[in-house]
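Visitor: Test case, fold it:
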Amino acid sequence: MQDIFDLFEGEYSQYITASLTGEADDRGKKKADYKTIKEPVTTELWQLHLSGKNRLGFKPEKDGMCKWGAIDVDPASYKDYSEKKYVNIIKNYKLPMVPVKSKSGGLHIFVFFKDWAPVKDVLKKLEEINKEYFLANEVFPCNKAMNMPYYNAERTMEYAYDDNNTPIMLNTFVDLAKEKRISIEDFKKLKVSEYEVESEWRDYPPCVQKMIQEKWPGNHRNDFLFNVLVMEMKKTDNSLNLKDLVDIAEKRNQECFANPLDQKEAANVARSVHKNAYQYKCPPKLNAITPLCNKDLCKLRKLGIGAQIPDIKDEFTDIKYTKDTRKLWYECSFRGTHVLFNPEDIIDQKAWRKCLAKHKIYWVTLPKPRKGPDPFELLMRYIIETAQENENLKYEDTLEEEQYQTLKDFFETTIEQDKFDKLKDGYTILDSKDNYLYFKRITLDKWLDKNSKKAFKNVSEALKLLGCAKHDYHQGEKNVWYVEMPDFVNHQAITKKKTANGLTEMDDEYHDKFRTPKTETSQTKDN
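Guide: As a prediction, the model looks like this:
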């Protein structure tokens, strides 16, 4: 009991319960009613779940961290669905994942971590895996609760599969999950190999990939086969003759449908496509294909909808970006040359041509189509979205260094210890009790204007990136900002450069020297 409790540890402060209604939608997905319970998850609740008395579900993420994630495979049809292809993918590509049949009849593909892992890192890799292999619509964590497996464990229909596609019971599942647990460091390094079911698979529209993976069991087979054949024509730049397209139609007819069309009907679809139709049928004109459709992804596929990303995209390699608090720039390899560019260089093709000319490369303008998106914009979108952060110049590291140096300089030029009435005079106050620095917003604003060398765009950005917070009232002063100081500050032993009189900024006399006129000195001068 404790093992499964620890394995699925997540947002245990509340949970959901679900009860099947006995109904199913058009795809055969079982419907359920859900209820949120704002009570902690306990081992007793897990016991009720495993004994079939109270179905349990909750979110994996807690305070931006998680110990497990999942890809929710939602098949086009639950009636004729088989998990075998996905189990084989996990096995063949050595993915550290465990597939589990969901309560609705689909598949939850879990990954488990050895310790708490940042949600952003987990999602980044899970989405990469999903895009390559599973094409699911939901990846967890996603701020939603997921039903737990092995409800009514002794008679469960929500069981896991081992690598041989054999259903396994609870204890075996726990052992397999613990065996496949992975550190977040190793998960981030996991290589996602290309999933090539057939030639040019990565360029297929998502709907066609889904039909080949799972076989469509429903209606509108003529329309769906039409889309498949449009893709086949695109693969050959519309050069297929009618006989070849008819042969392909019959082959795809058998591959893509649980109940194939009549051979003559499939041939008629091929004739229709070959005659003059090279555009896909998509939602909203063909709403039946919505469960298989991913328009945003399809737009980026070479064989997808609309104007395609030009083939020249393959000449851009090793695309990286570097970011700091001042600017963002990109670099890549293009035609054997290392190219540096910034966001202003991709505004249009004229700016891009000028940028490449600096690298002794002449850019030939990409022609615009009569309809659809601009190929140049698609190319730039591809480059920007493909760019990986430069590992040697990470933004988090740069920001940390900027925070440290800015706070150090700000502290050293404006410090006054413990006297909060000096805030209004443009000083910062280091509270010796907690090592927090207190200041007025205008003090930081003026200091940034003179000293920061434009590290931040404005004071609002500086307050955010430096990690500052605000008190409406503090020590009798209104609107006081504060920030915890880095380790360089030892508030018990602050040393400052002394004046000619031996005073430091920590001495009251130091401030009086510059702010209080000396009457006697003035009179002496007058005399």
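Visitor: Of all the strand elements in the chain, which one is longest?
Guide: Longest strand of the chain, by residue count under DSSP state E: strand 107-118.
Visitor: name the helices or strands packed onto the helix or strand following that one?
Guide: Per DSSP states H and E, strand 107-118 leads on to helix 119-129 as the next helix or strand towards the C-terminus. On a contact count with 3 or more CB pairs under 8 Å, 6 or more residues apart in numbering; DSSP states H and E, helix 119-129 meets strand 65-73, strand 107-118, strand 138-140, helix 184-189. Any C-beta I mention is one placed from the backbone N, CA and C, and that applies to glycine too.
Visitor: okay if I get these as TSV plus mean neighbour count and mean pLDDT?
Guide: TSV is the format used below for these (neighbours: other CB atoms under 10 Å; pLDDT from 0 to 100):
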stretch	mean neighbour count	mean pLDDT
strand 65-73	23	96
strand 107-118	20	96
strand 138-140	19	94
helix 184-189	14	95
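Visitor: which outside residues touch the longest strand of the chain?
Guide: 7, 62, 64-73, 75, 83, 86, 90, 96-102, 122, 126, 134, 146, 149, 177-178, 180-184, 187 (CB atoms under 8 Å, 6 or more residues apart in numbering).
Visitor: Just the CA trace of that strand, in CSV.
Guide: Taking C-alpha atoms only, strand 107-118 is exported to CSV below (Å, rounded to 0.1, in the frame of the first residue of the first chain):
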residue,chain,number,x,y,z
LEU,A,107,-4.3,4.3,-22.5
HIS,A,108,-2.4,6.3,-19.8
ILE,A,109,1.4,6.1,-20.5
PHE,A,110,3.1,6.9,-17.2
VAL,A,111,6.7,8.0,-16.4
PHE,A,112,7.9,7.9,-12.7
PHE,A,113,10.8,9.9,-11.2
LYS,A,114,13.2,9.0,-8.5
ASP,A,115,12.6,12.3,-6.8
TRP,A,116,10.5,15.5,-7.2
ALA,A,117,11.2,17.0,-10.7
PRO,A,118,10.4,20.5,-12.1
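Visitor: Show me the helices in the stretch 401-527 of the chain, by range?
Guide: All helices of the stretch 401-527 of the chain, identified by DSSP state H, counting those that start in this stretch, fall at 441-451, 459-465, 508-515, 519-526.
Visitor: whoops, the stretch 201-350 of the chain was the one
Guide: Under DSSP H, counting those that start in this stretch, the stretch 201-350 of the chain gives helices at 206-214, 221-235, 242-256, 263-276, 295-299, 349-357.
Visitor: Tabulate those (JSON lines), appending mean neighbour count, mean pLDDT and distance to Y330.
Guide: As requested, these are exported to JSON lines (neighbours: other CB atoms under 10 Å; pLDDT from 0 to 100; distance: least, CB to CB, whole Å):
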{"stretch": "helix 206-214", "mean neighbour count": "22", "mean pLDDT": "87", "distance to Y330": "28"}
{"stretch": "helix 221-235", "mean neighbour count": "21", "mean pLDDT": "92", "distance to Y330": "30"}
{"stretch": "helix 242-256", "mean neighbour count": "17", "mean pLDDT": "94", "distance to Y330": "40"}
{"stretch": "helix 263-276", "mean neighbour count": "16", "mean pLDDT": "91", "distance to Y330": "40"}
{"stretch": "helix 295-299", "mean neighbour count": "15", "mean pLDDT": "82", "distance to Y330": "22"}
{"stretch": "helix 349-357", "mean neighbour count": "15", "mean pLDDT": "96", "distance to Y330": "10"}
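Visitor: what bits of the stretch 251-400 of the chain have low per-residue confidence?
Guide: Low-confidence segments of the stretch 251-400 of the chain (pLDDT under 70): 277-278, 306-308, 370-372.
Visitor: K120 and T290, how far apart?
Guide: K120 sits 29 Å away from T290, going by CB to CB, to the nearest Å.
Visitor: which residues sit in contact with L340?
Guide: L340 makes contact with W329, Y330, E331, H359, according to CB under 8 Å, 6+ apart.
Visitor: Mind checking which of these land in strands?
Guide: W329, Y330, E331.
Visitor: who touches the closest residue to the first one other than its chain neighbours in this structure?
Guide: Translated: W329. Closest residue to W329 apart from its sequence neighbours, by CB to CB, 6 or more residues apart in numbering: N342 at 4.7 Å. N342 is in contact with K327, L328, W329, Y330, counting by CB under 8 Å, 6+ apart.
Visitor: Just the buried residues of these.
Guide: Neighbour-count burial (16 or more other CB atoms under 10 Å) applied to these gives Y330.
Visitor: Show me which of the contacts of N342 is closest to H220.
Guide: Taking CB to CB as the measure, H220 lies nearest Y330 of those, at 43.0 Å.
Visitor: returning to what we had before: out of the helices of the stretch 201-350 of the chain, which comes closest to K53?
Guide: helix 206-214 (34.1 Å).
Visitor: quick one, that closest one and helix 242-256 angle?
Guide: 60 degrees (axes from the mean of the first three to the mean of the last three CA atoms, to 10 degrees).
Visitor: elements contacting helix 206-214?
Guide: helix 221-235, helix 242-256, helix 295-299.
Visitor: Now the helices of the stretch 201-350 of the chain in CSV, please, with extra columns for distance to D431.
Guide: Formatted as CSV, the helices of the stretch 201-350 of the chain follow (distance: least, CB to CB, whole Å):
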stretch, distance to D431
helix 206-214, 57
helix 221-235, 67
helix 242-256, 70
helix 263-276, 75
helix 295-299, 50
helix 349-357, 50
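Visitor: Of all these, which one is nearest K285?
Guide: Closest among the helices of the stretch 201-350 of the chain, once you apply CB to CB, is helix 221-235, at 9.3 Å.
Visitor: that older thread, CSV for the helices and strands packed on helix 206-214, including distance to Y404?
Guide: Formatted as CSV, the helices and strands packed on helix 206-214 follow (distance: least, CB to CB, whole Å):
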stretch, distance to Y404
helix 221-235, 54
helix 242-256, 58
helix 295-299, 40
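Visitor: of all these, which lies closest to P373?
Guide: Across the helices and strands packed on helix 206-214, closest to P373 is helix 295-299 (CB to CB), at 7.1 Å.
Visitor: in stretch 386-403, what's buried?
Guide: A387, L399, E402, Q403.
Visitor: give me every residue that touches the first one.
Guide: It refers to A387. I319, K320, Y321, Y330, C332.
Visitor: Spatially central residue for the chain, please.
Guide: When CA atoms, centre = their mean is applied to the chain, the residue found nearest the centroid is K124 (4.6 Å).
Visitor: what about the residue lying closest to it once chain neighbours are set aside, distance to M485?
Guide: Distance criterion CB to CB, 6+ apart; nearest residue to K124, sequence neighbours excluded, is K188 at 7.9 Å. When distance is defined by CB to CB, K188 is 32 Å away from M485.
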